[in-house]
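Colleague: just coords:
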């Protein structure tokens, strides 16, 4: 492959995404330390994490509009810069109330990145499924590093130092992107934010049957992803009785598999179709989460591998959105649907956290088997019934 400028853009967008993801994921391995330090329940921390993911989701739509108004380059830099500042502030939070507020602020800042970066990549690449798959892999890349580094730093220092790692990674990503990626022109520099956020056109986009259908399936995937990212280490320690080190290694393995599989599933979706690739990911989710909850101890590593592949649903479904959008609406429209499915999917953290408090981790993660099963049923029914959604 001849290295071109577009590959630099893809690499640095992926690095920027990884930095914003890592800043959020370093919180998960230290959840027990946070609950103990502030003397709060797992459900309370789950609520804070749901707030973080909800804020992340809510900024997807305005970030798309901001990208159209000011250019993707400036918005991505803002996202990475705010992530660095918010991570540092979060590590210094004096009370749980401050911790919760700053967690939400971190989500809001990080949320400015993904929609505009994806839109930028669709301008640089024709094979968007593969490009989106590589970009999405920035999340698993962060997931590989986050549990190992957060656990090691927390053991050597404390949970505050572990969370501060997010700022240490975001700052170099900010510098690299500012240095190597050219400023991008604004698509709609003169259009007001108020006009772009008018309610009726927004409802019109979401109400298109193919968009509504894809959004519904994405909600189910996002719900499951949030619950996995927030609580997989705690589930493995409390329910499967693994050590924190072993749970952290499996958490890293999940992200390694997910990262390696993302570009592949994106390429598959380019070759055989978005729905076929998404259906395979949902089917693997049913199998993987079933093994996590009910399989023998020796099946935990295979289960984590299967779950890692299952959580590649993002590449085919996001590509499916772009297949349905008009060229002149991609930035704002993708931000809108990202906000819609991620806001609803963000409830995965609080729902699973509360169910674990009330009924235990078995029912909490068993719920994810059903959620993925619903997604599988929707995709199979669409094809079997010829609904053309």
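Modeller: On my side now, so go ahead. Remember, predicted model here, so these are calculated numbers, not experimental data. Numbers count the residues shown, from 1 in each chain.

Colleague: which residues of the stretch 1-150 of the chain fall in helices?
Modeller: Along the stretch 1-150 of the chain, counting by DSSP state H, counting those that start in this stretch, helices occupy 5-25, 31-38, 42-58, 60-70, 72-91, 96-110, 114-124, 128-136, 138-156.

Colleague: Out of these, which gets nearest to residue 281?
Modeller: With C-beta to C-beta as the criterion, residue 281 lies closest to helix 128-136 of those, at 11.9 Å. C-beta here means a position set from N, CA and C on the backbone, and glycine is covered the same way.

Colleague: How far does that closest one sit from its chain's centre?
Modeller: When C-alpha coordinates are averaged (C-alpha atoms, centre = their mean, to the nearest Å), helix 128-136 and its chain have centres 14 Å apart.

Colleague: other SSEs contacting that helix?
Modeller: Where contact means 3 or more C-beta pairs under 8 Å, 6 or more residues apart in numbering; DSSP states H and E, helix 128-136 is packed against helix 5-25, helix 114-124, helix 244-272, helix 314-324.

Colleague: From residue 183, how far out is residue 79?
Modeller: Using C-beta to C-beta, to the nearest Å, residue 79 is found at 15 Å from residue 183.

Colleague: Output the helices and strands packed on helix 128-136 in CSV, with distance to residue 223 appended to each entry.
Modeller: Converted to CSV, these look like this (distance: least, C-beta to C-beta, whole Å):
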stretch, distance to residue 223
helix 5-25, 17
helix 114-124, 18
helix 244-272, 16
helix 314-324, 13
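
Colleague: now those helices as a markdown table including distance to residue 297, mean pLDDT and mean neighbour count?
Modeller: As requested, the helices and strands packed on helix 128-136 are exported to a markdown table (distance: least, C-beta to C-beta, whole Å; pLDDT from 0 to 100; neighbours: other C-beta atoms under 10 Å):
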| stretch | distance to residue 297 | mean pLDDT | mean neighbour count |
| --- | --- | --- | --- |
| helix 5-25 | 25 | 90 | 23 |
| helix 114-124 | 36 | 85 | 24 |
| helix 244-272 | 11 | 84 | 21 |
| helix 314-324 | 30 | 86 | 24 |
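
Colleague: of all the ones you listed, which lies closest to residue 303?
Modeller: Nearest of these to residue 303, taken as C-beta to C-beta: helix 244-272 at 9.0 Å.

Colleague: so after the closest one, what's the next helix or strand?
Modeller: Later in the chain than helix 244-272, the nearest helix or strand by DSSP states H and E is helix 274-294.

Colleague: Now do that next one: distance to the chain's middle.
Modeller: 17 Å.

Colleague: buried stuff in it?
Modeller: With burial defined by 16 or more other C-beta atoms under 10 Å, the residues of helix 274-294 counted as buried are 274-275, 277-293.

Colleague: Of all the helices and strands packed on helix 128-136, which one is nearest residue 167?
Modeller: Closest approach to residue 167 among these is made by helix 5-25 (7.2 Å; C-beta to C-beta).

Colleague: so what does the closest one touch, helix or strand wise?
Modeller: Helix 5-25 packs on helix 42-58, helix 72-91, helix 96-110, helix 114-124, helix 128-136, helix 138-156, helix 159-180, going by 3+ C-beta pairs under 8 Å, 6+ apart.

Colleague: could you give the angle of that helix to helix 114-124?
Modeller: On the basis of axes from the mean of the first three to the mean of the last three C-alpha atoms, to 10 degrees, helix 5-25 is oriented at 170 degrees to helix 114-124.
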